[in-house]
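Undergrad: pasted the sequence and its predicted model underneath.
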Amino acid sequence: MSEINHSLETVNLTKNFGGKIVANHINVKFKQGFVSGLIGPNGAGKTTLFNLISGNIKSDYGDVYLGGKKINKMSDFKRARLGIARTWQMNRLFNSLSLIDNLIISQRSDYSDKSLSLGLLDFNRAKKDAIYEDIAANLLKRVGLLNYRNSVPAELSYGQQKLVAIARALMNDGSIIMLDEPMAGVEGRTHDKIKEIILEEKTRKKTIIVIEHNMRFIREICDEGIFLVNGQIKAVDSVASLMNDVELTRIYFGG
Amino acid sequence: MEYFISLFILASINIILATSFNLILGYGGLLSVAQPIFFALGAYCSALIAIYFEIPIFLSIILASLVAGIFAFGVSLPSLRVSGDYLVVSTLGFQLGTLHIINNIEITGAAGGLSNIPPLISHPYRSLLTLFIVVCFAVLSIWMVRKIMRSAYGRAITALRNDETAFSSLGRNPIRIKVLIVALSAAMAGFAGGMYSHYYLYITPEQFGIFATATLLTMVVIGGAGTVLGPAFGAIIITTLPEIITFLNLPVSIMAPLQGVIFTGLVLIFIFLKPSGLIGSTRGLDGLEIWKK
């Protein structure tokens, strides 16, 4: 897997849905070892930008580069295999799988979907799983949910599910981690835990992008803020500067 | 006695068919309505290969099963690339189109059906031996689905069914899995079709229409979609029930509608009172089946 460098860049990325432009010539570069916060009012195009980068939707125009390589023709699963991991606003965990299996299936080199025998000749699954089971168990331990390894997501609180979703993204061990509203509906210890994990990943030189409405959280962890409005980047600056900008504050809160 | 053996052979063939359908419907969550047409492809291809080429019957059944698998691959690939919903439309089109062709070409015997099909076994105990073979393959088909679903591949199928978008975003290829299980399921149905044609020795297009789809769906729903043994129980019930009703010696004017009423009633009862079917699977708090190793 070639990862020459870890920077992610979009050039003139544009998308419209039925005439409504949701991404309008977005040019942005995400830096390695940086936590970038996507800020903006609802409908600004933050999740759309995530979807365009991860390949869940294809751009009408413009390019996405990962480590200098153009990836916008690739499907989402191929991009994930290059190391782009993401979470979702609504977690989207696999409700029929235990937490440990949610994680095992999420590592990039998972062999299961490549088996032409459809698993009929898979006589040593437990042995193959063991390699990843340790990694998965360590991640569950890191998010404080190892005791729930055999539980299914529905047995967990919403905040705990957020932690599993983050652990699942970390299982990819890619260079890019995109977190869509990791703090929504989360408080107390879970809040601190998520913050701790993001900062740990930052020290591991990951490129981290966060969509978040919790401004305190953004201020605490983000090295830079990218302010989006109507599918366009309005400003890129330190979070403190963005929050002191009267014009942006007015746009964010309406009025 | 011959009557009962023949009935058990049909039930066993239906077990293979229902188990194959369960793989895509119950486990994969994919609604392909054309399963009976893959059964038909197996039945017709195997019969025609056996009639026109002097090869062992069992080999012709295997070849016909491959044909069904390849057709399923071809039909499902474009529709599954777009969206799962298109699978219903494309398989329905394929079913109706193929039936229309079978109904109108000479080589298949057209609407009159295809007869003079060579039997799989020519022996005084032909029926008993066929029953033994078909039961073995029914057990094998159940084992295959169980093995697939308990492997890492089954875990991937389960995750794919839970959330395809999330599954894909983790680096897994959903199309590949869906197309392969649809193809395998069709090949199993084709195999069942081959066994059918070389035992009953006469097939007609009307056996493989929408009514056959409804019957098959009933077997899986009543038995328990997404369970290993459920569809097999469903197949036995739905195959034997009409025969049991005939023992009541009711006039035809009552019996024919009675069968329809009982089938429809069963489906309604199961949907409302026991949606997980006779063999209920372990389900989580949100009602979805839990994957078992």
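TA: That came in fine, so what should we check first? Residues are numbered from 1 along each chain as shown, chains lettered A, B, ... in the order given.
Undergrad: alpha carbons only for contacts and neighbour counts from here, please
TA: Fine.
Undergrad: just the CA trace of stretch A:165-179, in PDB.
TA: In PDB, the C-alpha atoms belonging to stretch A:165-179 read as follows (Å, rounded to 0.1, in the frame of the first residue of the first chain):
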ATOM      1  CA  ALA A 165     -17.600   4.000  15.700                       C
ATOM      2  CA  ILE A 166     -14.300   5.800  16.300                       C
ATOM      3  CA  ALA A 167     -12.500   2.600  17.300                       C
ATOM      4  CA  ARG A 168     -13.900   1.100  14.000                       C
ATOM      5  CA  ALA A 169     -12.300   3.900  12.000                       C
ATOM      6  CA  LEU A 170      -9.000   3.500  13.900                       C
ATOM      7  CA  MET A 171      -9.000  -0.200  12.900                       C
ATOM      8  CA  ASN A 172      -8.300   1.000   9.400                       C
ATOM      9  CA  ASP A 173      -5.000   2.400  10.700                       C
ATOM     10  CA  GLY A 174      -4.900   4.700   7.700                       C
ATOM     11  CA  SER A 175      -3.400   8.100   7.300                       C
ATOM     12  CA  ILE A 176      -6.700  10.000   7.200                       C
ATOM     13  CA  ILE A 177      -9.300  10.000   9.900                       C
ATOM     14  CA  MET A 178     -12.500  11.900   9.300                       C
ATOM     15  CA  LEU A 179     -14.900  12.200  12.300                       C
END
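Undergrad: so is that stretch next to chain B?
TA: Yes. Stretch A:165-179 lies within reach of chain B by C-alpha under 8 Å from any C-alpha of the partner chain, at A:169, A:172.
Undergrad: so where does the residue nearest to residue B:110 when sequence neighbours are not counted fall, helix or strand?
TA: Nearest residue to residue B:110, sequence neighbours excluded (C-alpha to C-alpha, 6 or more residues apart in numbering or on different chains): residue B:103, at 4.2 Å. Assessed by DSSP states H and E, residue B:103 sits inside helix B:85-104.
Undergrad: buried sites along that helix?
TA: Under the neighbour-count criterion of 16 or more other C-alpha atoms under 10 Å in any protein chain shown, helix B:85-104 has B:86-92, B:94-96, B:98-99, B:102-103 buried.
Undergrad: so, if you compare these, which one comes nearest to chain A?
TA: Distances from chain A to these, taken as C-alpha to the nearest C-alpha, are shortest for residue B:86 (19.0 Å).
Undergrad: what helix or strand does the closest residue to the closest one other than its chain neighbours sit in?
TA: Spatially, and ignoring its direct neighbours in sequence, residue B:86 is nearest to residue B:79 (5.2 Å; C-alpha to C-alpha, 6+ apart). Using DSSP H and E, residue B:79 maps to helix B:57-82.
Undergrad: these two touch, right, the residue nearest to residue B:86 and residue B:87?
TA: Yes. Residue B:79 lies in contact with residue B:87 (C-alpha atoms under 8 Å); the separation is 5.3 Å.
Undergrad: element containing whichever residue of chain A sits closest to chain B, please.
TA: Using C-alpha to the nearest C-alpha, the single residue of chain A nearest to chain B is residue A:77, 3.8 Å away. For residue A:77, the element it lies in under DSSP H and E is helix A:76-81.
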